[in-house]
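K.L.:
no sequence on hand, only this structure:
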């Protein structure tokens, strides 16, 4: 099998990187008999070799392109990648990053994780949006199978592309059980990350417009006199940064922390010691941070938008993400839980989260491959 990783720039593509890394890691462990040829780019070749080089079933073909040049990458995917495939002759090409070549000397499976570029076009420039639309539409029609990550996304893809639902396979994502392994309340980590010992509310999201972080900041303003908590935002600045900056400017500067570039252990510690995790997103193909917080044993307030109720079920609290007052009311309600209520609710949520495993994602992905070959 060949794996098209040309889209991946480590640290820059968010959930798509997690999806590829964790699914492929589980595949090489669960299915060692499957030979995998990873087609890499100049930015991710060393990343791929470090992660998958130790596995003898993995080989690597580095393409002579920089994925930071989006249009060069797209051109190579349509012209140079088929030449790579003609040379190595795989049974199948899996493209986990929304796009794939028009033609290939083998079966093709593409992963389309959501249709965010259509529902929230403000996240992309006009040219990028037009090119993405053309490539995704082509991939949906040309692929032998489409993989997506929620029933919600399956319906979105069907409506947007006209593909029959039978062609679109759902493989839910998994959550690393390490998020549920207790992490010592290290004063060194806590002091470095949140500048003190005050309780805090946590959100993990880059500041894309659809992540709706400015509404979270507005909701937090309703709580600053009632609760002593800080607001900790983990993520990189993106196209919604100006809205977020305006909302944060109206908050006391000593009540907010912005963090990025955390290790897995540091992120686990932040999840586990937060009094509340808030995820105000208006659109998610899956919503993995909600699952990570649940696994960490932290109460969650999120919205009923897109796939989030499919993932959170009855184990999270829901608010109207467009209404800061309602969001604040739900946050205050959870913060007022008794210790017994908090324990019961978070334990049930943790059990629910434990059913989502990357091993299941990997096995379901390989089953789709086999149906195509």
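P.N.:
Right, received. Where do you want to start? Fair warning: this is a prediction, and the values are worked out from it, not measured in the lab.
K.L.:
what are the contacting residues of stretch 311-320?
P.N.:
Stretch 311-320 has contacts (CB atoms under 8 Å, 6 or more residues apart in numbering) with 150, 172, 280, 286-287, 290-291, 294, 299-304, 308-309, 326-327, 329-331, 333-334, 345, 348-349, 352-353, 356. C-beta: built from backbone N, CA, C; applies to glycine.
K.L.:
one more time with 6 Å
P.N.:
Residues from elsewhere that reach stretch 311-320, judged by CB atoms under 6 Å, 6 or more residues apart in numbering: 287, 290, 300-302, 304, 326-327, 330, 334, 348-349, 352.
K.L.:
please identify the buried residues of it?
P.N.:
Along stretch 311-320, these residues count as buried under the neighbour rule (16 or more other CB atoms under 10 Å): 311, 312, 315, 316, 317, 318, 319, 320.
K.L.:
what distance do you get for the fourth one to residue 332?
P.N.:
This points to residue 316. 16 Å (CB to CB, to the nearest Å).
K.L.:
same check on residue 99?
P.N.:
As judged by CB to CB, residue 99 and residue 332 stand 44 Å apart.
K.L.:
now do stretch 297-306: distance to the chain's middle.
P.N.:
Relative to its chain's centre, stretch 297-306 lies at 15 Å (CA atoms, centre = their mean, to the nearest Å).
K.L.:
and that stretch, what's buried?
P.N.:
Neighbour counts over stretch 297-306 (16+ other CB under 10 Å) mark 297, 298, 299, 300, 301, 302, 303, 305, 306 as buried.
K.L.:
what do you get for stretch 24-42?
P.N.:
Within stretch 24-42, the residues scored as buried using 16+ other CB under 10 Å are 24, 25, 26, 27, 28, 31, 36, 37, 38, 39, 40, 41.
K.L.:
and the end-to-end length of it?
P.N.:
Terminal residues of stretch 24-42 are spaced 19 Å apart (CA to CA, to the nearest Å).
K.L.:
contacts only, for residue 81.
P.N.:
Residues counted as contacts of residue 81 (CB under 6 Å, 6+ apart) are residue 101.
K.L.:
domain parsing for this protein?
P.N.:
The chain breaks down into these domains under automatic domain parsing: 2-174+358-372, 177-353.
K.L.:
can I get these in TSV with mean pLDDT?
P.N.:
Listed next are the domains of the chain as TSV, based on pLDDT from 0 to 100:
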stretch	mean pLDDT
domain 2-174+358-372	96
domain 177-353	93
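K.L.:
hey, where'd the helices end up in the stretch 101-250 of the chain?
P.N.:
Secondary structure of the stretch 101-250 of the chain by DSSP state H, counting those that start in this stretch: the helices cover 116-119, 126-142, 151-161, 187-194, 213-221, 241-248.
K.L.:
which stretch among those comes nearest residue 91?
P.N.:
Residue 91 lies closest, by CB to CB, to one member of these: helix 126-142, at 17.2 Å.
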